[in-house]
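>>> Predicted model and sequence below, questions to follow.
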Amino acid sequence: MEQADVKPKGSAEPLLKEEKASQSEVVEESHFSGPVQLSEGNREILDEKEIESSETRNEQELQELLRNINEEALHLSEFLMEEDKLIDDLCESLKQILEKLHMSFNISPQDIPVKKKVKKAVLNEEGHLMFVYGKGEVHSAFLAEYPPEIVMAVLWLTMAELAEAIRLYRKRLSRRVNFFGRVKKELKGALKAMAGSK
């Protein structure tokens, strides 16, 4: 009587399951080891992710640019306010000096950045800049009321002459002070002599 190849019932099934599991792993591994081919649906998902990523980058760059513009605008506003105040103070000081010196300036019109053709330009002792145009038309305003470019040009053109005028005024004043000092000394001497004679 032949003996049948008897295997215990409990041990056969786990072996089959393990074989099947290892075969499916091999299948899965071989499936992913080759080049990946995406279906149309997967490509659309990737394209959408790239678009979202690009839009996020663009939005961040735009926010950074807007932040920079905002900061620059704040600095610009501060500088404009400071420039206006400096021009006002400077022109007021210049006016007082010109009044004290009884001085005015004839300025070369072609050296001032104005659009209309000017025949004559004068900065008078009240600190007003006057433009005389071709047909005798005259425009006059306080220097500080003109654009900063015109104020700057006028100052460049007048500072050397103003410095010389101030130097000459100082010399005249020095002579006067010396004169008054000598007269005062002589008068005090005369007063002492008169007091002693009594």
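Structure's in. What do you need? Predicted, not measured: the structure shown is a model, and the values here were computed from it.
>>> For the rest of this, base every contact and every neighbour count on C-alpha atoms.
Fine.
>>> can you give me the strands for this protein?
With strands called from DSSP state E, the chain shows them at 105-107, 118-123, 128-133, 138-142.
>>> nearest to Met159, of those?
strand 105-107 (10.5 Å; Cα to Cα).
>>> that older thread, and Leu74, which of the strands of the chain is closest to it?
Of those, nearest to Leu74 by Cα to Cα is strand 138-142, at 28.7 Å.
>>> circling back: out of the strands of the chain, which is closest to Tyr169?
strand 105-107 (16.1 Å).
>>> ok so, going back, closest to Ala153 out of the strands of the chain?
Per Cα to Cα, nearest to Ala153 of the strands of the chain: strand 105-107, 10.0 Å.
>>> one step back: Phe180: which of the strands of the chain is closest?
Judging these by Cα to Cα, what sits closest to Phe180 is strand 105-107, at 31.6 Å.
>>> how far is the closest one from where the chain is centred?
Relative to the chain's own centre, strand 105-107 is displaced by 33 Å; criterion: Cα atoms, centre = their mean, to the nearest Å.
>>> Low-confidence bits of the chain, can you list those?
For the chain, applying pLDDT under 70 flags the ranges 1-46, 197-198.
>>> hang on, the earlier thing: with mean neighbour count added, can I get the strands of the chain in a markdown table?
Output for the strands of the chain, formatted as a markdown table (neighbours: other Cα atoms under 10 Å):
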| stretch | mean neighbour count |
| --- | --- |
| strand 105-107 | 17 |
| strand 118-123 | 19 |
| strand 128-133 | 20 |
| strand 138-142 | 14 |
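>>> longest helix of this structure?
helix 40-101 (DSSP state H).
>>> Output the contacting helices and strands for that helix.
Here helix 40-101 touches helix 148-197, going by 3 or more Cα pairs under 8 Å, 6 or more residues apart in numbering; DSSP states H and E.
>>> so what does the helix it packs on touch, helix or strand wise?
Short answer (3+ Cα pairs under 8 Å, 6+ apart): helix 148-197 packs on helix 40-101, strand 105-107.
>>> List the contacts of the nearest residue to Ala165 once chain neighbours are set aside.
Of all residues not flanking Ala165 in the chain, Leu101 sits nearest, at 7.8 Å (Cα to Cα, 6 or more residues apart in numbering). Neighbouring residues of Leu101 by Cα atoms under 8 Å, 6 or more residues apart in numbering: 165-166, 169.
>>> thought Ser142 was touching Asn124?
Not Ser; residue 142 is Phe. No. Counting by Cα atoms under 8 Å, Phe142 does not reach Asn124; the two are 9.6 Å apart.
>>> residue closest to the middle of the chain?
Geometric centre of the chain, nearest residue: Leu76, 4.7 Å, by Cα atoms, centre = their mean.
>>> And that one, how close does it get to Ala153?
When distance is defined by Cα to Cα, to the nearest Å, Leu76 is 22 Å away from Ala153.
>>> Gln60 now?
44 Å.
>>> And Leu101, by the same measure?
Leu101 sits 21 Å away from Ala153 when distances are taken as Cα to Cα.
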